[in-house]
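Engineer: can't give you the sequence, but here's the structure:
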């Protein structure tokens, strides 16, 4: 094997830019009525997402020129800073919106510590797993520390409350541990334990019969049992997707976005894509995500070291899980939960974080392993 320098992965770069461009277009289309009704300015969300996309583009370009090995040295400080943010957001310094305390106001911008954790965690896990690879065969010394970390992060994010993001964080940690080389037997124990814990938690919610989580689960089983409240989002989402047909109604011609479907520019933006661009538009978006994940996988395979491989694998897993959950919710395959569609849903923090991680992978892609001998 021979390591050689090459140009950055242009396919990954173009795919990312296409996803962001689609996101800007669809956020504007999906949010106009909502913005006019609630902010008095139909361009409110468009202007905001353009600002964040501009910041994200600068970050992605900057990170693509920073030697990715530097992030290994910054992994622990970054994790400490992001975990501190999770603690701060639960204090009086955090901003509460819709009964959730997930934001910190900094210089006129809303910062979500949970998104910063995703960024720092991918880097930390990649650096730590590479460094401690020799210990991964041992449960108490190699696996347990990561489970303690996962439990601590889960608790802090769940207290916001944000169960879905907390679950994604734990899933990401377990996925990266598996890729990092833990024993299959340990991985199976974690998988079975995790599935059992989630099933038990959901059963508890159903049995207690209280709170919005119970209403969401009941609506998932039968959204038409409460079409004006708990089942509203699911029903309106399915109507949007179903009426889009093969080619869609055309950009800007969605009916459901006109205050029928809650969060049309955020959690349910895929429904508006399917309504306005049809099955073909939705399929094209899914293919772009598949292409993005494939390029991350190729970068992981050809990475010059374990750190680069784990970085690319972590980003692929993070994006893949969020795409599956978001589209699963939009199509009623999963209960309603607040996971945005990567690069496309409105959300500046998530967009900048993902573009930053993509920039790091573009730098990794500049170095490859030549398997030709």
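Structural biologist: Thanks, I have the structure now. Being a predicted model, the structure only gives us computed values, none of them experimental.
Engineer: Could you find the closest non-adjacent residue to the residue nearest in space to the middle of the chain?
Structural biologist: By CA atoms, centre = their mean, the chain has its centre lying nearest to residue 322, at 4.4 Å. Nearest residue to residue 322 in three dimensions, chain neighbours excluded: residue 342, at 5.2 Å (CB to CB, 6 or more residues apart in numbering). C-beta: built from backbone N, CA, C; applies to glycine.
Engineer: can you give me the helices for the stretch 101-250 of the chain?
Structural biologist: Under the criterion DSSP state H, counting those that start in this stretch, helices of the stretch 101-250 of the chain are mapped to 113-131, 144-158, 163-180, 184-208, 211-221, 232-244.
Engineer: Go through these and pick out the most buried.
Structural biologist: helix 113-131 (a mean of 23; mean count of other CB atoms under 10 Å).
Engineer: which other helices and strands contact it?
Structural biologist: helix 69-89, strand 100-106, helix 144-158, helix 163-180, helix 306-330, helix 348-364 (3 or more CB pairs under 8 Å, 6 or more residues apart in numbering; DSSP states H and E).
Engineer: what residue ranges in this protein score low on pLDDT?
Structural biologist: Across the chain, the ranges flagged by pLDDT under 70 are 1-6, 205-207, 209-213, 369-373.
Engineer: May I ask you to name the longest helix in it?
Structural biologist: helix 269-302 (DSSP state H).
Engineer: List the buried residues for that one?
Structural biologist: Applying a neighbour-count criterion of 16 or more other CB atoms under 10 Å, one finds 269-278, 281-282, 285, 288-289, 291-293, 295-296, 298-300, 302 buried in helix 269-302.
Engineer: angle of that helix against helix 306-330?
Structural biologist: In terms of direction (axes from the mean of the first three to the mean of the last three CA atoms, to 10 degrees), helix 269-302 departs from helix 306-330 by 160 degrees.
Engineer: Distance from the chain centre to helix 269-302, please.
Structural biologist: Between the centre of helix 269-302 and the centre of its chain there are 14 Å (CA atoms, centre = their mean, to the nearest Å).
Engineer: Taking helix 348-364 as reference, get the angle to that helix.
Structural biologist: 20 degrees.
Engineer: Report all helices and strands that helix 269-302 contacts.
Structural biologist: helix 10-38, helix 232-244, helix 306-330, helix 348-364.
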